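J.: Build me a model:
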Amino acid sequence: MNSDQIKKGVDRAPNRSLLYALGLTEEEQSRPIIGVVSSYNEIVPGHMHLDKIAEAVKAGVRAAGGTPILFPAIAVCDGIAMGHVGMKYSLVTRDLIADSTEAMAIAHQFDGLVMVPNCDKNVPGLLMAAARINVPTIICSGGPMLAGRLPDGRRTCLSHMFEAVGAYHAGTMDEAGVRDYVENACPSCGSCSGMYTANSMNCLCEAIGMALPGNGTVPAPFSARIRLAKESGMQIMKLVEQDIRPRDIMTAEAFHNAETVDMALGCSTNTMLHLPAIAHEAGIELSFDMANEISGKTPNLCHLAPAGDTFMEDLEAAGGVYAVMKELTKGELLDTSCITVTTKTVGENIADSVNRNTEIIRPYEDPFMKTGGIAVLKGNLAPDGCVVKQSAVAPEMMKHEGPARVFDSEDDAIRVIYDGGINPGDVVVIRYEGPKGGPGMREMLNPTSAISGMGLGESVALITDGRFSGATRGASIGHVSPEAASGGNIALVREGDIIAIDIPAHTIELKVSDEELEARRSEWVCPEPRIKTGYLARYAKLVTSADKGAVLE
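T.: Numbering: from 1, shown residues only. Purely as a prediction, here's the structure:
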């Protein structure tokens, strides 16, 4: 066992004396020592209950003959961090989480790990660590929040809350109406209730084989979530016994499965940052181009919020991720031979799955869309690519051409949007918000929600080298690569330039001649970094572009 390095032989007697200091008996020390990585804190609604999940995991480990040891991981609530400097610290925590977990796990020589995440960067950060450390590991997330319910009986969620602010600024909702959303949009603990980034990644943990069934969909307040945590604690002991490690599970074929399920579920565009970053840690390179290839043959089977009016609890009731995967096997779109943390193959896992609601999970033969939920666009505005959640775009905006309205920060853009300065047909361009330029690649939920809430979602596009929340809907195109701070062509766009977007054709073009762009480039000077000290300054020096997953070099 790994833990023999800290507990066996006379030479390790000093190490062992410190295990005694922890109160561990000889019997406990003789068992496999399992690290339980708890992301519990009291500021993130998706994490406020993870102390109970972690305790249930520990009970499962003990029941199966192991010794659980708890240690922490940090997490940021993207919703609370949204719209101010705090959002610059969201994506960057992914690497802090991976690095700190690697340090703790290897320093203390755990035999296995159960990782207890829930929210946006916490899940990919821990998966990156799992691939890097490569001891037997299982993910046991905290589960989704229940949908809210307004006083008039309508169900609601966080994306509606943000759009209510836009409606207020448009004069179509009063403060009392906004207050109804404030008090009812987020009614329980858990990751916010739509197919946003956290729930996307928690579902993809199942698809890639690193979590037990229900990880992505069993609601956080349900007792079934506690049972799942106990089962995960017991299951890690089987993984340790059989020496099944993350890199045995997270293979190239497993990532292909994950991207396929991603397209079927209509996941957040942030998965296009996180899957490549996780794969990179496993020694596998995922390219942007693969996304369109997979999307082209994968039907979009689910329209959960923000694309539709259904929520994670509805997906769970309909059969969950495994039911979606079972539908995809009708087209032979998955590699069913991949091994998973169940110690069984994907095919064995989903063999008995049933689609219990064909309105929530459309049959393979009758999808919402014949192609997947995400598309990668390329053209002179984004030579290395950019990303759009096409399943959440209004049909009339799948092709759009209009004048650029150019802003060098999110803050500048949101002021003009709230003041009514954006007109139907405009293409809002927000730049210098990429991984390096931000720094930290802020999410743009405030401007996109304002556009939708002000009734412009079917006539205005937004393009950025930043990124979008999974709660974003509309013609919102992010991850433009190369970013402005790296001299990408998005830095050369001027007010009034015509931009043509064709999502079905996967193109995005700035209608400016090559000669004019070169003339502009000769005059371009990169702005001074906005932040010159601390972690963000170090991050900006090390981070790669969005099309590479914004990994650190």
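J.: Please name the residues that touch His256.
T.: 290, 294, 335 (C-beta atoms under 8 Å, 6 or more residues apart in numbering). Placement of C-beta: from N, CA and C, glycine included.
J.: quick one: contacts of the one helix or strand the first one maps to?
T.: Just to be clear, that refers to Met290. Using DSSP states H and E, Met290 sits within helix 288-297. Residues outside helix 288-297 that contact it (C-beta under 8 Å, 6+ apart): 256, 259-260, 263, 272, 331, 333, 371-376, 384-385, 387, 506, 547.
J.: With only the CA atoms kept, save that helix in PDB.
T.: Output of helix 288-297 as PDB, limited to C-alpha atoms (Å, rounded to 0.1, in the frame of the first residue of the first chain):
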ATOM      1  CA  PHE A 288     -11.400  22.100 -30.400                       C
ATOM      2  CA  ASP A 289     -11.900  20.400 -33.800                       C
ATOM      3  CA  MET A 290     -13.000  17.200 -32.200                       C
ATOM      4  CA  ALA A 291     -16.100  19.000 -30.700                       C
ATOM      5  CA  ASN A 292     -17.600  19.800 -34.100                       C
ATOM      6  CA  GLU A 293     -16.900  16.300 -35.300                       C
ATOM      7  CA  ILE A 294     -18.700  14.800 -32.300                       C
ATOM      8  CA  SER A 295     -21.500  17.300 -32.400                       C
ATOM      9  CA  GLY A 296     -22.100  16.700 -36.100                       C
ATOM     10  CA  LYS A 297     -23.200  13.100 -35.300                       C
END
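J.: What residues of it count as buried?
T.: 288, 290-292, 294-295 (16 or more other C-beta atoms under 10 Å).
J.: Stretch 335-353 too?
T.: For stretch 335-353, using 16+ other C-beta under 10 Å, the buried residues are 335-336, 338-342, 345-346, 349-350, 353.
J.: that older thread, closest one of the buried residues of helix 288-297 to Cys119?
T.: Of all the buried residues of helix 288-297, Ala291 has the smallest distance to Cys119: 23.5 Å, by C-beta to C-beta.
J.: Next SSE downstream of the helix holding Met290?
T.: Sequence order places helix 312-318 as the next helix or strand after helix 288-297, per DSSP H and E.
J.: Now that following helix: buried residues?
T.: Applying 16+ other C-beta under 10 Å to helix 312-318 flags 312-316, 318 as buried.
J.: Give me the most central residue, this protein.
T.: By C-alpha atoms, centre = their mean, the mean C-alpha position of the chain lies nearest to Thr197, the distance being 3.4 Å.
J.: confidence score at that residue?
T.: For Thr197, the model assigns a pLDDT of 96.
J.: Check the one 4 residues further on too.
T.: What the model reports for Met201 is a pLDDT of 98.
J.: How about residues contacting stretch 215-222?
T.: With contacts defined as C-beta under 8 Å, 6+ apart, stretch 215-222 is touched by 46, 49, 118, 139-146, 188-191, 199, 202-206, 224-225, 228, 312-313, 315-316, 320-321.
J.: among these, which ones are buried?
T.: Using 16+ other C-beta under 10 Å as the burial test, these include 46, 49, 118, 139-146, 188-191, 199, 202-206, 225, 228, 312-313, 315-316, 320-321 as buried.
J.: Can you flag which of those belong to helices?
T.: 199, 202-206, 225, 228, 312-313, 315-316, 320-321 (DSSP state H).
J.: Now do the SS call for Arg247.
T.: Reduced to three states with DSSP: H, G, I helix; E, B strand; the rest coil, the structure at Arg247 is helix.
J.: The lengthiest strand in the chain pairs with which strands?
T.: If you go by DSSP state E, the chain has its longest strand at strand 399-407. Using DSSP bridges, strand 399-407 pairs in its sheet with strand 427-430 (parallel), strand 498-502 (antiparallel).
J.: Please verify my assumption that Gly492 contacts Leu517.
T.: One correction, residue 492 is Leu, not Gly. Yes - in this structure, Leu492 is within contact of Leu517 by C-beta atoms under 8 Å, at 5.6 Å.
J.: Give me the common contacts of those two.
T.: Common neighbours of Leu492 and Leu517, using C-beta under 8 Å, 6+ apart, are Leu510.
J.: which of these two has more neighbours?
T.: Using other C-beta atoms under 10 Å as the criterion, Leu492 and Leu517 rank with Leu492 on top: 22 against 16.
J.: neighbours of the closest residue to the more buried one other than its chain neighbours, just the number please.
T.: Sequence neighbours aside, Arg520 is the residue nearest to Leu492 in space, at 4.4 Å (criterion: C-beta to C-beta, 6 or more residues apart in numbering). For Arg520, the count of nearby residues is 15 (other C-beta under 10 Å).
J.: got the CA positions of the helix or strand hosting Arg520 in PDB?
T.: Assigned by DSSP H and E, Arg520 belongs to helix 514-523. The C-alpha coordinates for helix 514-523 follow below in PDB (Å, rounded to 0.1, in the frame of the first residue of the first chain):
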ATOM      1  CA  ASP A 514      -6.600  41.500 -44.500                       C
ATOM      2  CA  GLU A 515      -4.800  44.700 -45.600                       C
ATOM      3  CA  GLU A 516      -6.800  46.800 -43.200                       C
ATOM      4  CA  LEU A 517      -6.300  44.300 -40.300                       C
ATOM      5  CA  GLU A 518      -2.500  44.400 -40.900                       C
ATOM      6  CA  ALA A 519      -2.600  48.200 -40.900                       C
ATOM      7  CA  ARG A 520      -4.500  48.200 -37.600                       C
ATOM      8  CA  ARG A 521      -2.100  45.600 -36.100                       C
ATOM      9  CA  SER A 522       0.900  47.900 -36.800                       C
ATOM     10  CA  GLU A 523      -0.800  50.500 -34.700                       C
END
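J.: Flag the shaky bits of the stretch 101-250 of the chain, pLDDT-wise.
T.: Within the stretch 101-250 of the chain, no range satisfies pLDDT under 70.
J.: in the stretch 51-200 of the chain, which spans are strands?
T.: 67-72, 112-116, 137-139, 148-149, 155-156 (DSSP state E, counting those that start in this stretch).
J.: As a check, name the ranges of all helices in the stretch 151-300 of the chain.
T.: Along the stretch 151-300 of the chain, the stretches classed as helices by DSSP state H, counting those that start in this stretch are 158-170, 175-184, 197-208, 223-242, 246-249, 252-265, 271-281, 288-297.
J.: Pick the most deeply packed of the ones you listed.
T.: Among these, helix 197-208 has the highest mean neighbour count (mean count of other C-beta atoms under 10 Å), at a mean of 30.
J.: From the contact counts, what lies against that helix?
T.: Helices and strands touching helix 197-208, by 3 or more C-beta pairs under 8 Å, 6 or more residues apart in numbering; DSSP states H and E, are helix 122-133, helix 252-265, helix 271-281, helix 320-328.
J.: Just send the ones you listed back as JSON lines, with distance to Asn446 too.
T.: JSON lines is the format used below for the helices and strands packed on helix 197-208 (distance: least, C-beta to C-beta, whole Å):
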{"stretch": "helix 122-133", "distance to Asn446": "22"}
{"stretch": "helix 252-265", "distance to Asn446": "25"}
{"stretch": "helix 271-281", "distance to Asn446": "19"}
{"stretch": "helix 320-328", "distance to Asn446": "30"}
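J.: Three-state assignment for the closest residue to Leu70 other than its chain neighbours, please.
T.: Closest residue to Leu70 apart from its sequence neighbours, by C-beta to C-beta, 6+ apart: Val36 at 4.9 Å. Here Val36 is recorded as strand under three-state DSSP.
J.: Pull up the gap between Val36 and Gly23, please.
T.: 16 Å (C-beta to C-beta, to the nearest Å).
J.: on that earlier part again, out of the contacts of helix 288-297, which end up buried?
T.: Neighbour-count burial (16+ other C-beta under 10 Å) is assigned, among these, to 256, 259-260, 263, 272, 333, 371-376, 384-385, 387, 506, 547.
J.: Looking at the residues you listed, which are in helices?
T.: Counted as lying in helices by DSSP H, out of the buried ones among the contacts of helix 288-297, are 256, 259-260, 263, 272.
J.: Cool, thanks, signing off.
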